[in-house]
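>>> I would like the atomic coordinates for the input below:
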Amino acid sequence: MHSRFVVALCLRGGCAIGLDTNVFELRPDEGVLIFPFQAHYLVPPRKGGYLNMAVTFALEDASDQSLLPLRDGVFKVSGKDIELLAELAALAKDASGRPKDEMAHLLSRFLCRKLKEKAAAPAPERRPELAGSKYEQVVKHIREHIVEPLTAKDIAAATDISVPHLRRVFKERTGGLSLGKFILGLRIKRAYEMLMHSDQNVTEIAARCRGARRPGQGFERRLLQVQAPRL
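The predicted model follows:
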């Protein structure tokens, strides 16, 4: 967690990025904008490699809300974007003292392009199932029992929904996020906050947050990935 914006891009392979309680699957040539003080973490692929690029920046006016349309969403990275970002990366490595204004101009062009694409894109179609109060009921149950073992069967029974319907419609309602990844995102966010604000070690925090009946070494490994901001 930090006080600057981060443009996080997936250039090759694939990975997932958690932003607060959401987890976004990034395919090649996709990215997200991480806002200041927004809890985030990287979930690398289980198999294969990946190549990411990150650009950090701050706005002169901290009250500027112009980038809000890009929050909590995935954007595409085109060939023209890659060219612009490559030029930006070259400037960042240049030790000749070239002015930072040129870098700021390139980054501004990139962000303006993403904002225009966002404004021009049609609004995603929402299916009516599990909308409104029923969806909120499901999320409320998950949040209240996040430190307990949670299964789709348990959630479906508690909220009076069939398991297939719950899985399918939850994914549709959240724009592609599966039920399991939503739960994982909440648990890692809780653990992330505990890492930042307590003296407990990763094993102790994992035991409290993973919600598993058996040891969760994989969960602990993911927590190790987000310990860096604590330093």
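>>> Show me what the host helix or strand of His105 is packed against.
Per DSSP states H and E, His105 falls inside helix 100-120. When contacts are defined as 3 or more C-beta pairs under 8 Å, 6 or more residues apart in numbering; DSSP states H and E, helix 100-120 packs onto strand 5-12, strand 51-57, strand 75-76, helix 79-93. Where C-beta positions appear, they are placed from N, C-alpha and C, glycine not excepted.
>>> How is this structure partitioned into domains?
5-120, 133-230 (automatic domain parsing).
>>> want to throw the helices and strands packed on helix 100-120 into a markdown table with mean pLDDT?
Shown next, in a markdown table, are the helices and strands packed on helix 100-120 (pLDDT from 0 to 100):
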| stretch | mean pLDDT |
| --- | --- |
| strand 5-12 | 87 |
| strand 51-57 | 84 |
| strand 75-76 | 92 |
| helix 79-93 | 84 |
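>>> which regions of this protein lie under the pLDDT threshold?
For the chain, the stretches with pLDDT under 70 are 1-2, 21, 44-49, 62, 95-99, 123-133, 174-176, 209-231.
>>> Show me the helices in it, by range?
79-93, 100-120, 133-144, 152-159, 163-173, 179-197, 202-209, 217-225 (DSSP state H).
>>> Minimum distance to Arg4: which of those helices has it?
Across the helices of the chain, Arg4 has its closest neighbour in helix 100-120 (12.1 Å, C-beta to C-beta).
>>> The nearest residue to Leu115 once chain neighbours are set aside and Lys76: what is the separation?
In this structure, Leu115 finds its nearest non-sequential neighbour in Pro69, 6.0 Å apart by C-beta to C-beta, 6 or more residues apart in numbering. Pro69 sits 15 Å away from Lys76, going by C-beta to C-beta, to the nearest Å.
>>> Report the separation between Cys10 and Ser108.
Cys10 sits 22 Å away from Ser108, taking C-beta to C-beta as the criterion.
>>> and the two? which has more neighbours close in?
Cys10 (24 against 11; other C-beta atoms under 10 Å).
>>> bridging residues for that one?
Note on Cys10: beta-bridge partners by DSSP bridges are Glu30, Asn52.
>>> Hmm, Pro28 and it touching each other?
Yes - using C-beta atoms under 8 Å, Cys10 makes contact with Pro28 at a distance of 6.0 Å.
>>> Quick one: closest of the helices and strands packed on helix 100-120 to Val147.
Per C-beta to C-beta, nearest to Val147 of the helices and strands packed on helix 100-120: strand 5-12, 28.5 Å.
>>> and the angle for that closest one with helix 79-93?
If you take axes from the mean of the first three to the mean of the last three C-alpha atoms, to 10 degrees, strand 5-12 sits at 120 degrees to helix 79-93.
>>> burial of the closest residue to Lys189 other than its chain neighbours, as a residue count?
Excluding its sequence neighbours, the residue lying closest to Lys189 (C-beta to C-beta, 6+ apart) is Ala39, at 5.4 Å. Counted by other C-beta under 10 Å, the residues lying close to Ala39 total 19.
>>> Against Ser3, how distant is Ala39?
On the measure of C-beta to C-beta, Ala39 and Ser3 end up 13 Å apart.
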